[in-house]
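*Asks:* got a predicted structure here, sequence first:
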Amino acid sequence: MDTGTASLSLTGVERVLGEGDIIVSKTCPKGRITYANDTFLNVSGYREAELLGTPHAVLRHPEMPRSVFAMRWQRLEQRQEVYAVVVNRAKNGDHYWVHAHVTPSLGADGAIRGHHSFRRKLDRSAIDEAAELYRRVRQIEARQRAKADQVRVGLEALRAAFGDLGSSYDRWTWKAAP
Amino acid sequence: MSDLLARIAETIDAVTRGDFEARVVPIGEGDDVEHRIAHGLNRILDVVDATLKEARGVTSAAARGEYARRPICRGIPGDASRMLASVGETVQVLERQAHDLGAQRQRQLEASHAFHDQVGHLLAQVGQSAARLVGAMEAVQADLTGAASTMGELSSDVRHVDENLASVATATTQLHSTASEIGERAAGAEGLVRRSRQQGQSALSQMHALEGRFSEVTRSVGFIDGIARETRMLALNATIEAVHAGSAGRGFGVVAGEVKDLARQTTAVMGTVSGHLDQMGQATQQSAVQMDGVVGALDIISEATAGVASAVHAQLEAVGDLDRRTVAVREASERMAGRTRALHVALVRSKHAMDDLAHVARGLSDEAQVLDASSQRFARVLALPGET
Ligand SMILES: Cc1cc2nc3c(=O)[nH]c(=O)nc-3n(C[C@H](O)[C@H](O)[C@H](O)COP(=O)(O)O)c2cc1C
């Protein structure tokens, strides 16, 4: 089941981004961090040296459904830009919600050189809606033992909520950070 | 030269070559000038990089016909943000042109499927209907947003026409009070101007009423947002129940109740909005006819003015002024009549979309009914395991 993340401590304290805050990171094609801006360091509580070379999943919060990451990665691998509403876990166990825009960076030969992520503040009402929605999807996923099954039923649930997963989930995220 | 300074120089070189993905990495810890410059350079590059990516995202989505993708400017400062906003406006123009085609495609997508009485399948269908409902709601919202911007333009037209008609009236009165022969000819024009002013003013008050209605519709549209939100949750509940469809049937009744409730709410809002749209449609038609009347009257005034002008050999400044005013007000009136018609078309289109929506809501309600019946049957079977 959820080994690793479930055992991490959480404080329940929310960190809230300012209107002008932007969290920027870059990763290698597999998701290991190659750049983190100073706002990233401040909000997450990690030091630059702790993040460089580390998988981005270091920020994974146990309440994030697996299926959300799965569908986002699918689109990234098709070289499309993706959006997501994400809750992250800071180093000390606090959490913070962001609107994330991730774009693949392509080399001259068309191969994926890495990914770029640009994150900003979410509206409060969007955070409330996402928290409720993700709680239900997690509930559905948690009934399955195997990771692959969790992703499968989670994707089914997301499809029920959003219909076509590509554009309709995207539109939902755009409303969340005008 | 320190390592950090060397990395700063390398980054600047890379950017100069056009690589805006470059950053100073690692920076390490410290608060001296070098560190601050490194962070500052990265911050500048973050903004430029993000702005380029955002602009590329929006324009390439538009090129694929995905006009809903608008620039998200939050967090991007100053001129960069304004540049993105103007990219968005350009895409909006493109979208308006493609709108009619899009609406047609949407309707095809919404074509409904036949449905089975098997409970699991039914629940899945409720989810689909719900998603379709959200899609249709978004379409109505888009239509109404378009109508709202036409409405704004129309209001300023109306004010313009009214101002110009006022000065035409002053000019004719002035003429009327001058020399006797001109005065007589002007008298006819004066009456006409008075009548067309009245028509213009009644169009104006129509518009005011229309604006009032419009704000009510806008409020209802906010309400649609709330329903869309509940619909998403409902679809999820349906899925949760579908997952243990085999084990217990108790949840179905609850979902069926929620579906019925939602369908009722949707139908009620649709009814309100639909009523407003009907009235707005009638009002726009009336004011278009009135504006046509104004245009006709102004043609006659033009003729009268020409008569006056030849009588006085254009001596009077007032005649020239009257002529210019008449031409201006005629142009404005025509523009206004055109926009009123465009608004009318937009309203009719929204009305059609509303009808579609009501149709989907009715379907949802039917599905709920079947679901309810099936769950009761199911409950009976569970309660009486021996009897079959
Ligand atoms: C550029 C980029 C940024 C990412 N940002 C986050 C993030 O902020 N939080 C997060 O949990 N996962 C983020 N991910 C996804 C992770 O790589 C990972 O897929 C996710 O945390 C799920 O972890 P798991 O596969 O171990 O379940 C990001 C991925 C990329 C490529």
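*Replies:* Noted; the coordinates are in hand.
*Asks:* what's the following helix or strand after the longest strand along chain A?
*Replies:* The single longest strand within chain A, with elements called by DSSP state E, is strand A:95-106. Downstream of strand A:95-106, the first helix or strand assigned by DSSP states H and E is strand A:112-120.
*Asks:* what strands flank that next one, and is each parallel or antiparallel?
*Replies:* Using DSSP bridges, strand A:112-120 pairs in its sheet with strand A:23-27 (antiparallel), strand A:95-106 (antiparallel).
*Asks:* buried sites along the helix or strand that contains residue A:40?
*Replies:* According to DSSP H and E, residue A:40 maps onto helix A:38-44. Buried positions in helix A:38-44, judged by neighbour count with 16 or more other C-beta atoms under 10 Å in any protein chain shown: A:38-41, A:43-44. For glycine as for every other residue, the C-beta is placed from the backbone atoms N, C-alpha and C.
*Asks:* and the contacts of it?
*Replies:* By C-beta atoms under 8 Å, 6 or more residues apart in numbering or on different chains, the residues outside helix A:38-44 that reach it are A:15, A:17, A:21-25, A:47-48, A:51, A:59, A:88, A:90-91, A:96, B:39, B:42-43.
*Asks:* does any part of it sit near the ligand?
*Replies:* No. Judged by C-beta under 6 Å from any ligand atom, helix A:38-44 stays clear of the ligand, getting no closer than 8.7 Å.
*Asks:* which element follows that helix toward the C-terminus?
*Replies:* Using DSSP H and E, the helix or strand that follows helix A:38-44 in sequence is helix A:48-51.
*Asks:* can you tell if that next one touches the ligand?
*Replies:* No. Contact of helix A:48-51 with the ligand (C-beta under 6 Å from any ligand atom) is absent, the minimum separation being 11.1 Å.
*Asks:* what about dumping the CA coordinates of stretch A:9-29 to PDB?
*Replies:* Only the C-alpha atoms of stretch A:9-29 are listed here, as PDB (Å, rounded to 0.1, in the frame of the first residue of the first chain):
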ATOM      1  CA  SER A   9       4.600  13.300   9.800                       C
ATOM      2  CA  LEU A  10       2.200  16.100   9.000                       C
ATOM      3  CA  THR A  11       1.600  19.200  11.200                       C
ATOM      4  CA  GLY A  12      -1.800  20.200   9.600                       C
ATOM      5  CA  VAL A  13      -0.400  23.800   9.300                       C
ATOM      6  CA  GLU A  14      -1.100  25.400   5.900                       C
ATOM      7  CA  ARG A  15       1.400  27.700   4.300                       C
ATOM      8  CA  VAL A  16      -0.300  30.300   2.100                       C
ATOM      9  CA  LEU A  17       1.400  31.800  -1.000                       C
ATOM     10  CA  GLY A  18       1.300  35.500  -1.700                       C
ATOM     11  CA  GLU A  19      -0.300  37.000  -4.800                       C
ATOM     12  CA  GLY A  20       3.000  37.700  -6.500                       C
ATOM     13  CA  ASP A  21       4.800  34.500  -5.400                       C
ATOM     14  CA  ILE A  22       6.100  32.200  -8.100                       C
ATOM     15  CA  ILE A  23       7.700  28.800  -7.300                       C
ATOM     16  CA  VAL A  24       9.900  27.700 -10.100                       C
ATOM     17  CA  SER A  25      11.800  24.400 -10.600                       C
ATOM     18  CA  LYS A  26      13.300  22.400 -13.400                       C
ATOM     19  CA  THR A  27      13.900  18.700 -13.500                       C
ATOM     20  CA  CYS A  28      15.600  16.100 -15.700                       C
ATOM     21  CA  PRO A  29      13.200  14.000 -17.900                       C
END
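*Asks:* ok, and what's touching the helix or strand bottoming out on mean pLDDT in chain A?
*Replies:* Of all helical and strand segments in chain A, the minimum by mean pLDDT, DSSP states H and E falls on helix A:165-176, at a mean of 81. Residues from elsewhere that reach helix A:165-176, judged by C-beta under 8 Å, 6+ apart: A:71, A:75, A:82-85, A:99, A:122-123, A:126, A:130, A:155, A:158-159, A:162, B:66, B:68-70, B:72, B:131, B:134-135, B:138.
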